[in-house]
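**Q** Can you look at this prediction? I've put the sequence above it.
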Amino acid sequence: MNIPLEHILLLSAVLFSIGILAVISKRHAVVVLMGIELIFNAANLNLVAFSRHDPQLLQGQMFSLFVILVAAAEAAVALAIVLRVYQYFKTANLSEVVTKEQ
Amino acid sequence: MALVVLLLPLVGFLVLFPLGKRLPRQGDWLGIGLTTIALILSGWLYSQTWNTATFHSRSTWFSLPGSSLIDFTAGILIDNLTVLMLVIVTFISLLVQLFSVGYMHGDKGYSRYFSFLGLFTFSMLGIVLVDNLLLLFMFWELVGLSSYLLIGFWFHKPAAVAANKKAFLVNRIGDIGLLLGLFAFYTYFRTFDLEALRALIGSGNWQGGSFITTYALHNQEWMVELGPIFLTVAGLGLFLGCVGKSAQFPLQVWLPDAMQGPTPVSALIHAATMVAAGLYLVARCYAFFTPEALIVIAIIGAITALIGALVALTQHDIKAILAFSTISQLGYMVMGMGTGAHDAALFHLSTHAFFKAALFLNSGIIIHAMHRGLHHHHLHLDAQDIRNMGGLRKAMPLTFYTYLIATAALVGLPLFSGFLSKDAILSGSWAWAQTMSTNGNSLYFVVPIIGFTVVLLTAFYMARHMWFIFFGEFRASFSVQDLRVGSGQEVERIMLFPVVLLAILSLGIFFSLNPLSFGSSWLMQGISLNKLSTSYILADELLQAVQVQDAKNHTLHLVFGVLSTLLGVAGVSFAILKYRHKTAAQLQQEEPQNKLAQLSQQHFRLNEFYDKAFVRPTMVLAHTLYRTDKCVIDYVLNNGSKTLVILAKIVAWFDRWVVDGLVWLVGALSKVVGRLGRGLQNGKVQSYYAYSLFGFILLMLYIILF
């Protein structure tokens, strides 16, 4: 089954836009992180799709594996930060996180 | 010594003016005493100097820095002329003060009067004594000031105030000329010193029509080259000062008005001080006049003599007649000066001083008596109008005889002093006319002919004067005997003494041992030109010729003497014939009949002419200027200021709305921008992210599209 490239790019753009929307408009830090994952996935989808036309096969897939890896690490760090922020501010709502007065 | 004479009257002024009221008898004894001492000292000086030596002391007065300036000197010059004037001035001043004791008795300003007389005498003595034109000018102005004070002595009388203002202003016109003359001589000769000036004139000579002289100044040679016209004009400038002070045509209008002052003051002004000052100036500066200037002087003198005599013919005021007579006689003297009869003019000045002072003091006695009589009978007639007098001969015999002697001297009858001096002037002017007309122009004879005419006129008006006052019936409606002070006494004795003395001195015997010939007069010999100035004078050649001519006229002198006597007698008899058959009522109503006589009574309308020609235009000009100032300048200023206010308001509006608005706009803009920027930096991570994304998209669009 051969899916044309345009469809995949379109899906990737939709995913990217949804991710961006989530990052910009959502208040909860965890949801923002979920948006970031969506953007990564849109990028991964592009990489995998383009790798079909790559003369050296698997190069794109390798990149997407790295991205998934880095994203997992990043998510772990980010979640840790979110937890610390929640502990400190008693909220995970980004608009309520304000630098405390010294 | 001379300084003491000079300062004594000044002391009198300085003491009397502030303190006079508190002194016993209001201090008149002080003024009189000081003048007496001054007279005695003058007499002593006279005996030391007359015909012996010229005494001259000079010291540096002040010096100004500058290479072209000599130190200014001040000094005293005493020669025959000076001592003669000293004696005349102090003598007349003394007699006038004595007379005033009676005349001014009971006047509110009694001590002020004596202090002013002191100032007047002081300034006149100053003019006589100084050796320097600058100092002379200072005293000249002092004479002007003191005459101003004395003429306006009764300052509550408007006429007196107007008269002193007029005298002062008219004299200023003359002074302008005098000042210009002084400047001219100083500019070229760098000195005011009379002796030095005379020496400079003497050392110069005529080359090719211009006058050249050299002098050393700070070891540097200066050469002055002057055209004859310059010297003539400068000399005439000096003469203009004399025209003002000595009341010459056309500036004589102040003198008749000056009789508004007390009568003794008139005597002093007319006889010895004020009017003599002008003539004295001409005599002192005689070396500086060119022949052309002398011609002008002679003509002015002749015109003045004629006009004065003509106007005196028809006056009714006792003092007005005498005032115009003074103008006429002064014209005579100036004519003498102009015609080269320098000594004769001064001789006439001296004799005139005595008999005119006598006449004025006498008229003072009469006015005084008239006032007393009119006051006694509560009548309001003019005490000075001769039409209200008459027949005073019987009531006041002593006054009558003294008046008669002085009048005879004025008319110039033989044996009286006026005869001698008048004949001297007449013969001098005749000789001058002869000399001048050698080139065939006989117009110059007009001057001596005017002189003879004036003799006739003088005789007529003085005879008329006497007739109205002393003969016929008394025309005021009370007994003439009421004019007397008391039985057996016609006037206060202290007033009679000076008058009698002056009348006696009007006799010719005191001036010349031969009362019929002026040539043998000691006085005239003493003040002749070659005694006064040994040096050269500008008009020397002419004067030599005139003197030679005069000396040749032996038979003519005799003819002149007889002729002038005849003219005098003719004038007197003509007057007597004219008025003898008039009744008292006719005399009282006497008015000038024809147009010419009216013109003469109104002083040829000269005052009116000056009023129209100079005073009115000045007033109109002043009014116009005032109106221009009010209407145009003030209008422009007012509206200008209004316009300025409007303009300022516009500017203020512009400032507030445009300039301030711009500034405000800039401020507001930056505020808006600042608010905008602040809005961007809201501390929210998501918005920053959105901005950077937005920017990234813009960047991408830019890269893709361009």
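**A** Arrived safely.

**Q** all contacts plus neighbour counts: C-alpha atoms, from now on.
**A** Noted.

**Q** helix or strand right after the helix or strand hosting B:Leu8?
**A** Under the criterion DSSP states H and E, the helix or strand holding B:Leu8 is helix B:2-19. Remark: after helix B:2-19, the chain's next helix or strand is helix B:28-49, criterion DSSP H and E.

**Q** residues making contact with that following helix?
**A** B:1-2, B:4-6, B:8-9, B:12-13, B:16, B:55, B:78-80, B:83-84, B:86-87, B:90-91, B:93-94, B:97-98, B:101, B:111, B:114-115, B:118 (CA atoms under 8 Å, 6 or more residues apart in numbering or on different chains).

**Q** quick one: the helix holding B:Leu8 to chain centroid distance?
**A** 23 Å (CA atoms, centre = their mean, to the nearest Å).

**Q** buried residues in that helix?
**A** B:2, B:5-17 (16 or more other CA atoms under 10 Å in any protein chain shown).

**Q** List the contacts of the closest residue to chain B within chain A.
**A** Closest to chain B within chain A is A:Ile24: 5.1 Å, counting by CA to the nearest CA. If you count contacts by CA under 8 Å, 6+ apart, A:Ile24 has them with A:32, B:686-687, B:689-690.

**Q** which residues are contacting the helix or strand encompassing B:Leu596?
**A** Taking DSSP H and E as the definition, one finds B:Leu596 inside helix B:595-601. Applying CA under 8 Å, 6+ apart, the contact partners of helix B:595-601 are B:310-315, B:592, B:605.

**Q** and those near chain A, which?
**A** Contacts with chain A within the contacts of helix B:595-601, as defined by CA under 8 Å from any CA of the partner chain: none are present.

**Q** which of these lies closest to chain A?
**A** Proximity of the contacts of helix B:595-601 to chain A (CA to the nearest CA) peaks at B:Arg605, which lies at 112.8 Å.

**Q** what number of residues lie near the nearest residue to the closest one once chain neighbours are set aside?
**A** Among residues not flanking B:Arg605 along the chain, B:Leu599 sits closest, at 6.6 Å (CA to CA, 6 or more residues apart in numbering or on different chains). When neighbours are defined as other CA atoms under 10 Å in any protein chain shown, B:Leu599 has 16 of them.

**Q** Quick check: B:Leu599 vs B:Ile386, distance?
**A** Shown here: B:Leu599 relative to B:Ile386, a distance of 19 Å by CA to CA, to the nearest Å.

**Q** got it, and B:Phe62?
**A** Taking CA to CA, one finds B:Phe62 at 55 Å from B:Ile386.

**Q** ok, those two, which is more surrounded?
**A** Each of B:Phe62 and B:Ile386 has its neighbours counted (other CA under 10 Å); B:Ile386 has more, 25 against 10.

**Q** Which of the helices or strands spans B:Trp430?
**A** B:Trp430 belongs to helix B:417-436, assigned by DSSP H and E.

**Q** what pLDDT, on average, does whichever helix or strand comes after that helix get?
**A** Sequence-wise, the next helix or strand downstream of helix B:417-436 (DSSP H and E) is helix B:446-470. On average, the pLDDT along helix B:446-470 is 87.

**Q** Please compute how far the longest helix along chain A lies from its chain's middle.
**A** When chain A is parsed with DSSP state H, its longest helix is helix A:59-89. Distance, stretch centre to chain centre, for helix A:59-89: 9 Å (CA atoms, centre = their mean).

**Q** Which neighbouring elements make contact with it?
**A** Counting contacts by 3 or more CA pairs under 8 Å, 6 or more residues apart in numbering or on different chains; DSSP states H and E, helix A:59-89 packs against helix A:29-51.

**Q** how big is the angle separating the helix it packs on from helix A:59-89?
**A** In terms of direction (axes from the mean of the first three to the mean of the last three CA atoms, to 10 degrees), helix A:29-51 departs from helix A:59-89 by 170 degrees.

**Q** hmm, who's touching helix A:29-51?
**A** By CA under 8 Å, 6+ apart, the list of residues contacting helix A:29-51 reads A:5, A:8-9, A:11-13, A:15-24, A:26, A:57-61, A:63-64, A:67-68, A:71, A:75, A:78-79, A:82, A:92-94.

**Q** Filter the residues you listed down to the buried ones, PyMOL style.
**A** The PyMOL selection below is limited to those of the contacts of helix A:29-51 classed as buried (16+ other CA under 10 Å):
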select buried, chain A and resi 8+9+12+13+15+16+17+18+19+20+22+23+24+26+60+61+64+67+68+71+75+78+82+92+93+94
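
**Q** Give me the average confidence score over the longest helix of chain A.
**A** 89.

**Q** Could you do stretch B:655-665 as well?
**A** Average pLDDT, stretch B:655-665: 89.
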